[in-house]
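In: Quick one, fold the following:
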Amino acid sequence: MADQIRLFVGKDPRETVGYHVFVESVLRRTDPNRISITALTGDQEDASTTFSKARFLVPELCGYNGWAIFADGSDMLCLADIQELWALRKTGYDVMVCPHQYETKYPVKFLGQSNENYPKKNHTSLMLINAGYEVWRRPEYKAMLKGPAGPLHRLEFLDDDRIGHLPLEWNWLVSEYAPNPNAKLLHYTIGIPPFYPSCDHSAEWFNEMRAMTHYEHWDQTVLVSER
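Out: Modelled structure (predicted):
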């Protein structure tokens, strides 16, 4: 199909419910016939999620051709038609990201994990990727894929003029930024509402979860083993 949106979504087994809520939030707002969704995971290694490095394989998975979207997904919620994000891609860039400039308010995040600051923090959590550009084929880039995740997330393999900018509304960092009723994609980077029920924008997440189950109180149900 022409101009098919290829969406790659990070899936961590510790946040499986978050993955499914995110995917459903996309499909409820975007024509399912316009989009293909691929789950990405891997080994946790030195990172906080199992898909930390898997995202950097997207160009290869696309056959080094065309554009794709990567989203952390497992801790995100989409509130707009993702075709709006797709329409923002521009030639001349290897990747387009939301250019966050912040230091975290939370040195510890979900499941007691360390939450360190680093340059371009969370830039790679939502990316429009031009898989057809030659940078992804370079031997030095492929060598980086075998090393630690840090230099990849800092986009050290790219010159800054090869990194395009997207509106922050497409990767709004919940609890790091003030609540935003105009956010198009919420990113619960500290942890999804089941971990932090009182966090900002928790109602939107729980409402989405309940809508996809068609059972308002499933999360409060106590399952009793068969006797």
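
In: Spatially central, which residue of the chain would that be?
Out: Centroid-nearest residue in the chain, with CA atoms, centre = their mean: Asp72, separated by 2.0 Å.

In: State the phi and psi torsions of that one.
Out: Torsion angles at Asp72 (phi, psi; degrees, to the nearest 10) stand at phi -50, psi -40.

In: wait, it sits on Met127?
Out: No - the pair Asp72 and Met127 fails to qualify as a contact (CB atoms under 8 Å) at a distance of 9.9 Å. Every C-beta, even on glycine, is put in place using the N, C-alpha and C of the backbone.

In: re earlier: so what's the residue nearest to the centre of the chain scoring on pLDDT?
Out: We have a pLDDT of 93 for Asp72.

In: Now do the helices for the protein: every range, in order, please.
Out: 16-27, 58-61, 82-86, 139-144, 150-153, 202-213 (DSSP state H).

In: Go through the third one and flag the buried ones.
Out: The one in question is helix 82-86. Ile82, Leu85, Trp86 (16 or more other CB atoms under 10 Å).

In: just curious, which of those residues is nearest to Ala68?
Out: Trp86 (9.8 Å; CB to CB).

In: distance of that closest one from Arg6?
Out: To Arg6, Trp86 is 10 Å away according to CB to CB, to the nearest Å.

In: what touches both of the two?
Out: Shared contacts of Trp86 and Arg6 (CB atoms under 8 Å, 6 or more residues apart in numbering): Trp67, Ile69.

In: Now do the contacts for Glu84.
Out: Contacts of Glu84 (CB under 8 Å, 6+ apart): Lys184.

In: now do Ala183
Out: Leu79, Glu169, Trp172, His201.

In: Poorly predicted segments of the protein, please.
Out: 1-2, 44-48, 111-113, 215-227 (pLDDT under 70).

In: what about 90?
Out: Flagging of the chain using pLDDT under 90 yields the residue ranges 1-3, 12-15, 41-53, 103-119, 212-227.

In: any chance you could map the strands in it?
Out: Secondary structure of the chain by DSSP state E: the strands cover 5-10, 35-40, 67-71, 76-78, 95-97, 108-109, 113-114, 126-130, 163-165, 172-173, 185-187.

In: wait, which of those is closest to Arg29?
Out: Of all the strands of the chain, strand 76-78 comes closest under CB to CB, at 6.3 Å.

In: before we move on, the earlier item: quick one: which of the buried residues of helix 82-86 is nearest Phe157?
Out: Nearest to Phe157 among the buried residues of helix 82-86, with distances taken as CB to CB, is Leu85, at 23.4 Å.

In: Test my guess that the closest one contacts Leu166.
Out: Yes - Leu85 is within contact range of Leu166, at 7.4 Å (criterion: CB under 8 Å).

In: Mutual contacts of these two, please.
Out: Common neighbours of Leu85 and Leu166, counting by CB under 8 Å, 6+ apart, are Leu128.

In: mind listing what Ile192 touches?
Out: Contacts of Ile192 by CB under 8 Å, 6+ apart are Glu15, Val17, Gly18, Val21, Ser74, Asp75, Phe110, Trp205.

In: and if you look at Arg89?
Out: So Arg89 contacts Trp67, Met96, Leu128, Asn130 (CB under 8 Å, 6+ apart).

In: which of the residues in stretch 28-38 are buried?
Out: Thr30, Ile35, Ile37.

In: tell me which residues form a beta bridge with the second one?
Out: Meaning Ile35. For Ile35, the beta-bridge partners are Ile5 (DSSP bridges).
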